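**Q** I need the structure of the sequence given here:
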Amino acid sequence: MFRYLPILLAVVLFSCKSGEKLYNQGRYGDAVEAFVKKLQRRPQDATSLQLLPKAYEAAMDYHESRAKQALASNNDLKWEAVRTEYRAMQALYNAIRSSPAANSVVKPKDYSTAITGAQENAAEARYARGIQLLDEGDKYSARQAYEEFNAALRLAPNYKDAEQLREQAFQMGLVNVVVSEIDVRSPYFQFSADQFRDALVRNLEQRRINSFVKFYDERYVRGDRDFRPDQYMEMRFYDFVVGQTYVDRSQREVSKKIAVPGNKKDSVVYITVKATLFITRKTVASSGVLDYRITDVGNNRVLRQNRVPGSFTWQNQFGTYRGDERALSDEDKKLMGGRDIPPPPPQDLFLELTRPIYDRLAGELQSFYNQY
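**A** Below is the predicted model:
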């Protein structure tokens, strides 16, 4: 136990010196907390008992002055600054009350009621700003109003009807984007195109690109008379070719030196073995370009337009050989083990070529709607 005594004494001395140092640096609030911690360990510490009242008075003067300065300003949000100062003084009150020795030399002021009043006033200021913004009647102001009502509720939960007004502001600030059915010019691929569109709408919703932007599948809102879209995103595939097949046949000679037993016992001789490979490479190339355009429904203005290319190549190789199998490499043997298989059906090829289109389109839309 005694071996830890020097360490304990060093901690105590450091605590005392650190409190004095903070006080001398003008960091009165930190000094109060340091002195209180010291008195919790050593209630009779003379330095802490002497400097704590001075540090507390100086800290109170500082925060009271800042609170009065904030109150005298014309800033709509001054009560939030006042609350910050009151909270700082309340923290000093709580610290001193936690130590009987500190409480014996300082009678701290309780600011809990003042904090409640400041929060109510701060919430009212945010609420009033929200009402004013909501009266502007445009989407941008509605989104700002939403943030103001949100701030009011953080300051004072259940404040007046701020929760209902926040929801109203949210609905007013929403940008409803209808994603059209995709024109692919060929009914054969319509089902695959619908799958592409369904996946895109789901992904855009899951990404939560912007809380004030919501995407809808055209099929599900077409008959809703109460629904009012703000933007319309039209998509169309151009110049797409699915299942263009190419067959390439080639042959090549291969050879390899191998060791074989000689005529004499335990002897080895090297011979060259040869084979001719006949390779068939079947390639099915698919490509296409998706044109998309986002239009403002109110004024029919094009907000964004671009074309996104995509491609997919399916390939199968197989072969036969004539000659000595020992001349084949491991890769050659894999080709020889292959077989002629049919390519995927056109619908699957269409989905594959849309994957790179999908990824790029989703990225472009996220970048575009991040500005809202």
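
**Q** neighbours of Ala70, just the number please.
**A** Neighbours of Ala70 under the rule other C-beta atoms under 10 Å: 19. All C-beta spots, glycine's among them, are computed from the backbone N, C-alpha and C.

**Q** helices and strands around whichever strand or helix holds it, which ones?
**A** Assignment of secondary structure by DSSP states H and E places Ala70 within helix 46-71. Other helices and strands packing on helix 46-71, by 3 or more C-beta pairs under 8 Å, 6 or more residues apart in numbering; DSSP states H and E, are helix 5-24, helix 28-41, helix 78-97, helix 100-105.

**Q** among these, which is nearest Phe212?
**A** Distance to Phe212, taken as C-beta to C-beta, is lowest for helix 78-97 among the helices and strands packed on helix 46-71, at 24.5 Å.

**Q** low-confidence ranges, the stretch 51-200 of the chain, go.
**A** Within the stretch 51-200 of the chain, the segments meeting pLDDT under 70 span 184-191.

**Q** residues contacting the closest residue to Arg236 other than its chain neighbours?
**A** Leaving aside its sequence neighbours, Arg236 sits nearest to Asp183 (C-beta to C-beta, 6 or more residues apart in numbering; 4.4 Å). When contacts are counted by C-beta atoms under 8 Å, 6 or more residues apart in numbering, Asp183 touches Met235, Arg236, Phe237.

**Q** just to be sure, the first one is in a strand?
**A** I take that to be Met235. Yes. Secondary structure assignment places Met235 in a strand (DSSP: H, G, I helix; E, B strand; the rest coil).

**Q** in the sheet, who's paired with it?
**A** Per DSSP bridges, the residues bridged to Met235 are Tyr292.

**Q** what's the burial count for the nearest residue to Arg66 once chain neighbours are set aside?
**A** Of all residues not flanking Arg66 in the chain, Glu85 sits nearest, at 5.0 Å (C-beta to C-beta, 6+ apart). Per other C-beta under 10 Å, the neighbour tally for Glu85 reads 23.

**Q** Glu85 reaches Lys68, doesn't it?
**A** No. Glu85 lies out of contact with Lys68 (C-beta atoms under 8 Å); the separation is 9.0 Å.

**Q** element containing Pro309, please.
**A** Assigned by DSSP H and E, Pro309 falls in strand 302-323.

**Q** mean confidence score for that strand?
**A** On average, the pLDDT along strand 302-323 is 93.

**Q** partners of that strand, with directions?
**A** Strand 302-323 has the following strand partners under DSSP bridges: strand 268-296 (antiparallel).

**Q** and the partner strand, what's buried?
**A** Using 16 or more other C-beta atoms under 10 Å as the test for burial, strand 268-296 gives 273, 275, 277, 279-280, 282, 284-286, 288, 290, 292-295.

**Q** then stretch 240-259?
**A** Residues of stretch 240-259 classed as buried by neighbour count (16+ other C-beta under 10 Å): Phe240, Val242, Val254.

**Q** which residues sit against that stretch?
**A** With C-beta under 8 Å, 6+ apart as the test, stretch 240-259 has contacts from 184, 189, 268-289, 326-329, 332, 343, 346, 349-350, 353.

**Q** stretch 135-142: end-to-end distance?
**A** Terminal residues of stretch 135-142 are spaced 8 Å apart (C-alpha to C-alpha, to the nearest Å).

**Q** which residues touch it?
**A** Under C-beta under 8 Å, 6+ apart, the answer for stretch 135-142 is Leu133, Leu134, Ala169, Phe170, Met172, Gly173, Leu174, Val175, Phe212, Asp230.

**Q** how far does it sit from its chain's centre?
**A** Here the centre of stretch 135-142 is set off from its chain's centre by 27 Å, with C-alpha atoms, centre = their mean, to the nearest Å.

**Q** repeat for stretch 322-335
**A** In this view, stretch 322-335 has its centroid 52 Å away from the chain centroid, taken as C-alpha atoms, centre = their mean.

**Q** ok so, going back, quick check: the gap between the residue nearest to Arg236 and Asn176.
**A** Asp183 sits at a distance of 22 Å from Asn176 (criterion: C-beta to C-beta, to the nearest Å).

**Q** if we can go back for a sec, which among the contacts of Asp183 gets closest to Tyr321?
**A** Nearest to Tyr321 among those, with distances taken as C-beta to C-beta, is Phe237, at 42.9 Å.

**Q** and the closest one, how many neighbours?
**A** By other C-beta under 10 Å, the residues close to Phe237 number 22.

**Q** can you give me the helices for the stretch 151-300 of the chain?
**A** Ranges of helices within the stretch 151-300 of the chain are 162-173, 190-207, 218-221, based on DSSP state H, counting those that start in this stretch.

**Q** elements contacting the first one?
**A** Yep, that's helix 162-173 we're talking about. Looks like helix 162-173 contacts helix 112-134, helix 139-155 (3+ C-beta pairs under 8 Å, 6+ apart).

**Q** by how many degrees do the shortest one and helix 162-173 diverge?
**A** Using axes from the mean of the first three to the mean of the last three C-alpha atoms, to 10 degrees, the interaxial angle of helix 139-155 with respect to helix 162-173 works out to 160 degrees.
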